[in-house]
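Enquirer: Have a look; sequence and predicted model below, questions after that.
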Amino acid sequence: MIRVRGLTKRYGATTAVDRLDFDVHPGVVTGFLGPNGAGKSTTMRMILGLDTPTAGTATVNGRRYRDLPAPTREVGALLDPGAAHPGRTARAHLLWLARGAGLPRRRVEEVLDLVGLASAAHRRVGGFSLGMRQRLGIAAALLGDPGVLLFDEPVNGLDPEGIRWIRGLLRDLAAEGRTVLVSSHLMSEMQATADHVLVIGRGRLIADVGVAELTARGSGDVRVAAADPAVLAAALAAEGAAVRTADDGALLVGGLDAARVGEVALRRRIALRELTPRRASLEEAFMELTAASVQHRSGTTPVPEGSPA
Ligand SMILES: Nc1ncnc2c1ncn2[C@@H]1O[C@H](COP(=O)(O)OP(=O)(O)OP(=O)(O)O)[C@@H](O)[C@H]1O
């Protein structure tokens, strides 16, 4: 269990983390979501004792990291996959870590197996792909068999097979009763992986909510394809709807439910090819939540074309 209370970090005039309060519970995957610069890495570094809070506390199993008697057996983390020495083999890197933490040699072979690196254990880390380096970083995090795990952007730069593997691993670790906190700016990834999300923007907590509840809270829209979309779009706009056009020419209608959209089309005698009410995806719900706290926004408004949840 991770507990954060009043956690604050200032760098000069920048407040990177601003009075955060949250708990991360065992047995579920908790996503830590926020746009770039929101303060996710800084928060994780403070939980791991790598940065000192300006104010507030972060504890793991009731103690600050530096007060844990055997930290590697209680908490493991993947922060920077580039951390291993390139000239060392994967096995030598893990043996070095195990020795430092007073862990037995056989644990190194176990974690190499667990992350699928057993056959590459004798190879130098310098020749590893990004995916292999991520696996090695995860092996290091799991070395002490800790009950609390933190992963900072673990899917960054991975191919679909690597992403699928990490997704399964995170879910398995949580199912074993561990506390799993995983940061990401990829909302779609969290929708597939997390049970619960903590959303932050500009160092502040915006939401601490179940994934199902968050997507239900988003406003959603209606997707409608018609023989004459321009006429239908004008008719819907006249009824007060917000109408956008998707890449394939279908209309995405906000502010009216599917029944009303159907009635408007019938009145104008416009044949419909599709009429689909869509729940907001996690990405859309997230965009609504963070719109006010995003630091850098592009000039265009994307039209997410997610499948209905
Ligand atoms: N060592 C530091 N010195 C000064 N400012 C820092 C330092 N570390 C982080 N910051 C600032 O704190 C803010 C939060 O950064 P942080 O890296 O925690 O965000 P993040 O949510 O992890 O984003 P990203 O996904 O881009 O890493 C940013 O404005 C960043 O520039």
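Expert: Yep, it's here.

Enquirer: if I look at the residue nearest in space to the middle of the chain, how far off is Val253?
Expert: In the chain, the centroid-proximal residue (Cα atoms, centre = their mean) is Ser184; its distance is 3.2 Å. Note on Ser184: its distance to Val253, by Cβ to Cβ, to the nearest Å, is 30 Å. In this view, the C-beta of every residue, glycine as well, is placed from N, C-alpha and C.

Enquirer: do the same with Leu97
Expert: Leu97 is 55 Å from Val253, by Cβ to Cβ.

Enquirer: Between those two, which has more neighbouring residues?
Expert: Val253 (27 against 18; other Cβ atoms under 10 Å).

Enquirer: Can you read off the backbone torsions of the more buried one?
Expert: The phi/psi pair for Val253 (degrees, to the nearest 10) reads phi -110, psi 120.

Enquirer: I figured it hits Ala235, correct?
Expert: No - at 10.8 Å, Val253 does not count as touching Ala235 under the criterion of Cβ atoms under 8 Å.

Enquirer: show me where the stretch 1-150 of the chain has helices.
Expert: Here the stretch 1-150 of the chain has its helices, by DSSP state H, counting those that start in this stretch, at 40-47, 71-74, 90-101, 105-114, 130-142.

Enquirer: hang on, isn't Arg3 packed against Gly56?
Expert: No - using Cβ under 8 Å, Arg3 is not in contact with Gly56, being 10.7 Å away.

Enquirer: Now the phi/psi pair for whatever residue of the stretch 151-300 of the chain ends up closest to the ligand, please.
Expert: At 5.6 Å from the ligand, His185 is the closest residue in the stretch 151-300 of the chain, using Cβ to the nearest ligand atom. Main-chain torsions, His185, degrees, to the nearest 10: phi -110, psi 10.

Enquirer: Next one: it from Gly201, what distance?
Expert: His185 is 11 Å from Gly201, where distance means Cβ to Cβ.

Enquirer: Which one of those two is surrounded by more residues?
Expert: Between His185 and Gly201, Gly201 has the larger neighbour count (other Cβ under 10 Å), namely 23 against 17.

Enquirer: In terms of helix, strand or coil, where does Val222 fall?
Expert: Recorded secondary structure, Val222: strand (DSSP: H, G, I helix; E, B strand; the rest coil).

Enquirer: who touches it in this structure?
Expert: Taking Cβ atoms under 8 Å, 6 or more residues apart in numbering as the criterion, Val222 is in contact with Leu252, Val253, Gly254, Leu256, Asp257, Ala258, Val261, Leu275, Thr276, Pro277, Arg278.

Enquirer: so what pLDDT did Gly82 get?
Expert: Looking at Gly82, its pLDDT reads 68.

Enquirer: that older thread, can you tell me which of the contacts of Val222 end up in helices?
Expert: Ala258, Val261 (DSSP state H).
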